[in-house]
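>>> Below is the structure, and that's it, no one-letter string:
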């Protein structure tokens, strides 16, 4: 019986793992757009900035960096001497990596409600690297998803159990709060000129920098 249950749940487990890995990749490439980092520093920043959105499994970081380097999404910029051990590679994102990151930022993969919410929060953390229209589109999509979820909850009959009813009301309140917050962010995006110019302020310089980096790394 237990073997049958494990076998039937295996596809879901694999899907959850794949979703988590893609979110970790999204966060990794996003952080490397800010500055080159060695693996240990990257792990620290993932925990500090993204730990509230997804779990950071340190054992998955270095295999991920290796895969990204093999795909030329990142490259070894330099090697630093370790404090009490082997040297540490300093990784930098490449133009190919930036293109891959932007593609993943603008995708809406089919995934669970929990993972979709986590993915959006990871994306929001890196909103300053997107164009204003792209940010607005992501906000509008998230608002639509939340409203659909809210509607489905509101039409369901209230549970007879008082604790289940309380959880349902809490979930509805959380959805309403998120929709309000998202709507405020969208209004700010549409009305504040500073938001519209945010991505363009350093866009040209970044393109020049990564073009030169690619030429030095892959010549």
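Received the coordinates, thanks. Note that the structure is a prediction, hence the values are computed from the model and not measured.
>>> quick one, helices of this protein?
Secondary structure of the chain (DSSP state H): helices at 2-34, 39-45, 58-70, 95-105, 113-125, 132-155, 162-191, 193-201, 203-218.
>>> out of those, which comes closest to residue 76?
helix 58-70 (6.9 Å; CB to CB). Any C-beta I mention is one placed from the backbone N, CA and C, and that applies to glycine too.
>>> quick one: buried residues of that closest one?
Neighbour-count burial for helix 58-70, with 16 or more other CB atoms under 10 Å as criterion, is recorded at 60-61, 64-65, 68-69.
>>> repeat for stretch 21-30
By neighbour count with 16+ other CB under 10 Å, stretch 21-30 contains the buried residues 22-30.
>>> wait, which of the buried residues of helix 58-70 is closest to residue 41?
residue 61 (10.9 Å).
>>> Surely that closest one is in contact with residue 47?
No: using CB atoms under 8 Å, residue 61 makes no contact with residue 47, being 10.2 Å away.
>>> What pLDDT is listed against the residue lying farthest from the centre of the chain?
Relative to the mean C-alpha coordinate of the chain, counting by CA atoms, centre = their mean, the farthest residue is residue 160 (38.0 Å). Residue 160 carries a pLDDT score of 90 in this model.
>>> Quick check on it: phi, psi?
Note on residue 160: its backbone torsions stand at phi -70, psi -30 [degrees, to the nearest 10].
>>> Next, format the helices of the chain as TSV and append distance to residue 51.
Conversion of the helices of the chain to TSV gives the following (distance: least, CB to CB, whole Å):
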stretch	distance to residue 51
helix 2-34	10
helix 39-45	10
helix 58-70	12
helix 95-105	20
helix 113-125	11
helix 132-155	21
helix 162-191	20
helix 193-201	25
helix 203-218	26
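>>> worst average pLDDT in those?
For the helices of the chain, where the average pLDDT is lowest is helix 203-218, sitting at a mean of 47.
>>> And residue 155, how far from residue 172?
To residue 172, residue 155 is 11 Å away according to CB to CB, to the nearest Å.
>>> And for residue 129?
Residue 129 is 33 Å from residue 172, by CB to CB.
>>> Equivalent analysis for residue 47, please.
Distance of residue 47 to residue 172, given as CB to CB: 32 Å.
>>> OK, contacts around the residue positioned nearest the centre of the chain?
The residue lying closest to the centre of the chain (CA atoms, centre = their mean) is residue 122, at 3.3 Å. For residue 122, the contact set (CB atoms under 8 Å, 6 or more residues apart in numbering) comprises 23, 26-27, 30, 50, 53-54.
>>> same thing but at 7 Å, please
Residues in contact with residue 122 (CB atoms under 7 Å, 6 or more residues apart in numbering) are 23, 26-27, 50, 53-54.
>>> That'll do, ta.
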